[in-house]
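> Quick check, what structure comes out for this input:
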Amino acid sequence: MITILYIYKNKDTFRVKRSLESLSQQTDQRFQVLFVDYGSNAAFKEEISKVINAFDFVKYHYSYHCEQAWSRAKAINIGLRLINTPFVFIADIDMIFRNDFVAKLHQLKNNNQSIYFKVGFLNQKESTEIKDFDQYTIQYESSEGAKGLSLFPLKALIEIQGFDEFLHFWGAEDEDVHQRLQHYGLTEVFYNKETLMLHQWHLTYRNAEKNRLTQELRVLNITRINSTHLKYNTQQHKSVVNTTTWGTSITKEEYEELHQAPFTITLTNKKEVIDHFIFHQLKEFHNGILAVTIVEDTQNGSFKSLLKRALHKSVPQYYSLKEVNDLLLMHIVSFYRNNNYIYNVSKDLKSLEFKIKK
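Below you'll find the predicted structure:
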């Protein structure tokens, strides 16, 4: 038996349905699906549950990472902790599988190898068509280096403590895990003899990085930070990462405890205030829930402040809310990613809300 692991959060369910339908038509039924929902909102959770209920080979697991930064690595690790089959294939909701795909996985599975696969990409028009697998026109194919769709021996992944949970937002987690498995002793294999999967077209979720604040949680230059982290792990010949709490899911009770806690502290975006909070106050807080709202100082840009500046008098220094956002999110990802927390940017983009249990 092989487990096929999907991870998901707030995405179009049509592609999920097509992907699962292609699995239902497999010639080899020696598989099961674990579907990890990394905290979709109520509407998407309801919709995806309806889709999944139509397939009896799918087990659905919801983790209440509802108001946290996206981490594909953490979502995958939650799944790894729940799997008990010898092998796991990391899937994607965009995939349409050839009907002998599972049979091929059983032929290829090897306790000493991590195997990733070539993928055929469909254009928008082809993705709307319902055809036999071999009748689709492929726009282009992935090459060596695209390692997101992979077959692993579960034991090896568990022993290296899964995907690196420092890696958030986008980038590097797939290449990193393959490299660490090589340090552990596995051989990496790129299977490109034939096309076994087709990628359905969709709008790109990862928009170009912007230097302005948005409600969607993001950090400027995060792909470069993740790439640097990948290089560090490689240079250090790391195989094991994370802590013993890796792959931890969040329960409804834990999420509601945070959500119901009142905000008790309001901070401004003065540099000294933010620096003190991030580097001291947050570290020193223990045994409870810290709930903070961060707003722009009303004196920033005021006539009095501008006059003082014109007269070369001392005036406070400020971070923009975007800079505060990036500093705080990176600090959370770096040091508090194993704590239960929620983080939001207000709709008017004029405040940040952060709660953490320590």
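> which residue packs closest to residue 237, ignoring adjacent ones?
residue 183 (5.1 Å; Cβ to Cβ, 6 or more residues apart in numbering). For every residue, glycine as well, the C-beta is placed using N, CA and C.
> try residue 198
In space, residue 198 is closest to residue 96, 4.3 Å off (Cβ to Cβ, 6+ apart).
> cool, and residue 158?
Nearest one to residue 158, counting by Cβ to Cβ, 6+ apart, is residue 80 at 6.7 Å.
> Output the contacting helices and strands for the helix or strand harbouring that neighbour.
Using DSSP states H and E, the element containing residue 80 is helix 72-82. Other helices and strands packing on helix 72-82, by 3 or more Cβ pairs under 8 Å, 6 or more residues apart in numbering; DSSP states H and E, are strand 2-8, strand 31-37, strand 58-62, strand 87-90, helix 154-159, helix 173-184.
> returning to that earlier point: list the contacts for the residue nearest to residue 198?
18-19, 22, 133, 197-200 (Cβ atoms under 8 Å, 6 or more residues apart in numbering).
> distance of it from residue 200?
Relative to residue 200, residue 96 is positioned 6 Å away (Cβ to Cβ, to the nearest Å).
> hey, what's in contact with both of those two?
18-19.
> neighbours of residue 334, just the number please.
11 (other Cβ atoms under 10 Å).
> And the helices in the protein?
Along the chain, counting by DSSP state H, helices occupy 13-24, 42-52, 72-82, 101-108, 124-128, 154-159, 173-184, 222-235, 252-260, 271-276, 282-284, 303-310, 321-335.
> Now do the buried residues in the longest one.
By that I understand helix 321-335. 321-330, 332-333 (16 or more other Cβ atoms under 10 Å).
> Which other helices and strands does it contact?
helix 271-276, strand 289-295, strand 341-345, strand 351-357.
> how far off strand 351-357 does that helix point, in degrees?
Helix 321-335 runs at 20 degrees relative to strand 351-357, counting by axes from the mean of the first three to the mean of the last three Cα atoms, to 10 degrees.
> One more: the second one?
Per the same axes, to 10 degrees, the angle that helix 42-52 makes with strand 351-357 is 60 degrees.
> what helices or strands is helix 42-52 leaning on?
helix 13-24, strand 31-37, strand 58-62.
> How far off centre is the longest one?
Spelled out, that is helix 13-24. 21 Å (Cα atoms, centre = their mean, to the nearest Å).
> What is it packed up against?
strand 2-8, strand 31-37, helix 42-52, strand 95-97, helix 101-108.
> which residues touch the third one?
Contacts to helix 42-52, defined as Cβ under 8 Å, 6+ apart, come from residues 8-11, 13, 16-17, 20, 35, 37, 40, 58, 60, 62.
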